[in-house]
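Student: got a sequence here, can you model it:
(one chain, ligands or ions: 1)
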Amino acid sequence: MYIPGDPWAICDLCGFKFRISKLRKNYKGQMVCKEDFETRHPSERNTVVRERGGVRDARKEQPDRFVGTVTADDL
Ligand SMILES: [Zn+2]
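Tutor: Numbers count the residues shown, from 1 in each chain. A predicted model of the protein is given here:
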């Protein structure tokens, strides 16, 4: 069945045929289907968690520096 303005296209990752409106460009510039596009999400979540852990470590150092500076001024 042909839909004007919505031709068939091949997913660059799995090779199946999809309507071009169902394909999306991924971070590599490949035209991929929705399933292949969404498989990237778990790795993005891991990156966010790692960044949050880094922020927590950075905050731990700040109180120590602040207390140390105040103590030096008081003395
Ligand atoms: Zn695919």
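
Student: for the residue lying closest to R24 once chain neighbours are set aside, helix, strand, or coil?
Tutor: Nearest residue to R24 in three dimensions, chain neighbours excluded: F37, at 4.8 Å (Cβ to Cβ, 6 or more residues apart in numbering). Just so you know, the C-beta spots here come from the backbone N, C-alpha and C atoms, and that holds for glycine as well. Here F37 is helix, with the state taken from DSSP: H, G, I helix; E, B strand; the rest coil.

Student: go on, F18?
Tutor: strand.

Student: need the contact list for it.
Tutor: For F18, the contacting residues are W8, A9, I10, C11, C33, by Cβ atoms under 8 Å, 6 or more residues apart in numbering.

Student: the ion next: which of the residues you listed are close?
Tutor: Within the set of these, contact with the ion (Cβ under 5 Å from the ion) is found for C11, C33.

Student: can you tell me which of the contacts of F18 are buried?
Tutor: C11, C33 (16 or more other Cβ atoms under 10 Å).

Student: so which of the contacts of F18 belong to strands?
Tutor: W8, A9, I10 (DSSP state E).

Student: pretty sure A9 sits against K17.
Tutor: Yes: taking contacts as Cβ atoms under 8 Å, A9 lies within contact range of K17: 7.3 Å.

Student: the protein against the ion: which residues are in contact?
Tutor: C11, L13, C14, C33, D36.

Student: in those, find the pair that's most separated.
Tutor: L13 and C33 (7.5 Å; Cβ to Cβ).

Student: run through the bridge partners of I10.
Tutor: For I10, the beta-bridge partners are K17 (DSSP bridges).

Student: surely it and K22 touch.
Tutor: No: taking contacts as Cβ under 8 Å, I10 lies outside contact range of K22: 11.6 Å.

Student: the strands in this structure, which residues?
Tutor: 8-10, 17-19, 24-25, 31-32.

Student: of these, which is nearest D73?
Tutor: strand 24-25 (56.1 Å).

Student: pairing partners for the closest one, with directions?
Tutor: Counting by DSSP bridges, strand 24-25 is paired with strand 31-32 (antiparallel).
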